[in-house]
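Peer 1: Okay, structure incoming, though there's no sequence with it:
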Ligand SMILES: *[C@@H]1O[C@H](CO)[C@@H](O)[C@H](O)[C@H]1NC(C)=O
Ligand SMILES: *[C@@H]1O[C@H](CO)[C@@H](O)[C@H](O)[C@H]1NC(C)=O
């Protein structure tokens, strides 16, 4: 009975240990504090680029961080557009109307010629989207001039396209006086960094205005999202020389900046880059995770792609380091193997040398003992056997070594040039030859006698 109870207890314990273990394997716990870097597809410290399946899962469970929306108010004024017949310029107005960051009930198109501007913006889509309902037109006092303080009364936000550095000061003053909360100034291909700095300085001095200065390279025709882009310093104007940005993408980026709290007080540049640029894969990764354009632009302004690049470099460096360490280990292992073999061979050699030395010594003793007996009985020595052997050991060993070598068929010429030993060797050979001859002769004569016997 007790045994059964004990067995039962054991099974229960085993099962309850088992379950948490299985659960731990299945659950994929992550820190709830997810850095934007992680969201960009780089896992824990940038060591693993997350697989697609995991990225989708992560986006579904956590999603990108919501952006802090700038207080852009109910009325926005747009100036610097609607000057050419080549395009409608409706895109900007659509963006301002559609973007969930905004709640504009009035969009003012500040233009040179209201009749001309209206023609540009009375498309069917503008009518159906309701854009026309909130759109109003305001003519400039003089062609191409900036809106005055009076023009800006009741306006909460301003986007000024194609602004010259010289115009920013007046605009900043008018905006401040008219209590415009937000101003986004766009400078296309500014001549030099100083002009940008002056614009930034004028806007920072204007009280109560949250501003963003954006510089752009040459704007070319092109759709939104068609080209990867990078965010840089607004003053980095020299590098604009060989880059461009598609128009609709530029308009989108500018519009997003008006909606982002994180763009306040910043002076940035946007430029199109090639698909070779790391920005391409980074933007693709953001978009595949369901980033809205607002979230994406904020991430880019906050240096997301630069962090991504350094994480990639770090990852590559770590991999390189690991590879190096492994290479060093491999070399060490092969070296230690080599050494091991060398040691073994040296040991075997030493052992066989020791074995050979003993063999020679034994043979030498035999040779010397025989020699001693001959001398002793012919009374040529008065030494005792052991003493005779000790006294003649060196020569005895030479003789023994020579014999061994001869028996092995090895050369004995490397042995010391002891003439006596040479002679002894010759004698031995001569004696051996003599004996052979005698044997042959004996054999011949015996066969001769045999033939004789037969012939008889
Ligand atoms: C990516 O674009 C940035 C900014 O224009 C540039 O500094 C960088 O060298 C580019 N990288 C590559 C690999 O093209
Ligand atoms: C002993 O000595 C004599 C004279 O020196 C020599 O002729 C003889 O060969 C020697 N005998 C042996 C066995 O060495």
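Peer 2: Received, thanks. None of the values given here were measured: they were computed from a predicted structure. Numbering: from 1, shown residues only. Ligands and ions are numbered 1, 2, ... in the order given.
Peer 1: could you list every residue that touches the residue of the chain found nearest ligand 2?
Peer 2: For the chain, the residue closest to ligand 2 is residue 380, as judged by Cβ to the nearest ligand atom, at 3.7 Å. C-beta: built from backbone N, CA, C; applies to glycine. Neighbouring residues of residue 380 by Cβ atoms under 8 Å, 6 or more residues apart in numbering: residue 374.
Peer 1: try 10 Å this time
Peer 2: Contacts for residue 380 (Cβ atoms under 10 Å, 6 or more residues apart in numbering) come out as 371, 372, 374.
Peer 1: What is the nearest of these to ligand 1?
Peer 2: residue 371 (91.3 Å).
Peer 1: How many neighbouring residues does that closest one have?
Peer 2: 18 (other Cβ atoms under 10 Å).
Peer 1: wait, it sits on residue 392?
Peer 2: Yes - if you go by Cβ atoms under 10 Å, residue 371 and residue 392 touch, sitting 7.4 Å apart.
Peer 1: what sits in contact with each of those two?
Peer 2: With Cβ under 10 Å, 6+ apart, residue 371 and residue 392 have common neighbours residue 399.
Peer 1: Now the closest residue to ligand 1 within the chain: closest residue in space, sequence neighbours ignored.
Peer 2: Nearest to ligand 1, among the residues of the chain, is residue 277, at 3.7 Å (Cβ to the nearest ligand atom). The shortest distance from residue 277 to any non-neighbouring residue, by Cβ to Cβ, 6 or more residues apart in numbering, is to residue 228 (6.0 Å).
Peer 1: and the residue most central in space within the chain, what helix or strand is that in?
Peer 2: Per Cα atoms, centre = their mean, the C-alpha nearest to the average position across the chain is that of residue 316, at 1.6 Å. Element membership for residue 316 (DSSP states H and E) is helix 304-377.
Peer 1: For residue 444, give me the pLDDT.
Peer 2: At residue 444, the pLDDT value in this model is 77.
Peer 1: number of nearby residues for residue 108?
Peer 2: Neighbours of residue 108 using other Cβ under 10 Å come to 22.
Peer 1: Can you name the residues bridging to it?
Peer 2: Going by DSSP bridges, residue 108 is paired in beta bridges with residue 77, residue 136.
Peer 1: who touches it in this structure?
Peer 2: Residues near residue 108 by Cβ under 10 Å, 6+ apart: 75-79, 134-138, 147, 151-152, 154-155, 158.
Peer 1: Let's see that with 7 Å instead.
Peer 2: 75, 76, 77, 78, 136, 138, 155 (Cβ atoms under 7 Å, 6 or more residues apart in numbering).
Peer 1: and the gap between it and residue 286?
Peer 2: Per Cβ to Cβ, to the nearest Å, residue 108 is found 33 Å from residue 286.
Peer 1: Check which helix or strand residue 128 maps to.
Peer 2: Assigned by DSSP H and E, residue 128 falls in helix 124-129.
Peer 1: Equivalent analysis for residue 242, please.
Peer 2: Going by DSSP H and E, residue 242 is not in any helix or strand.
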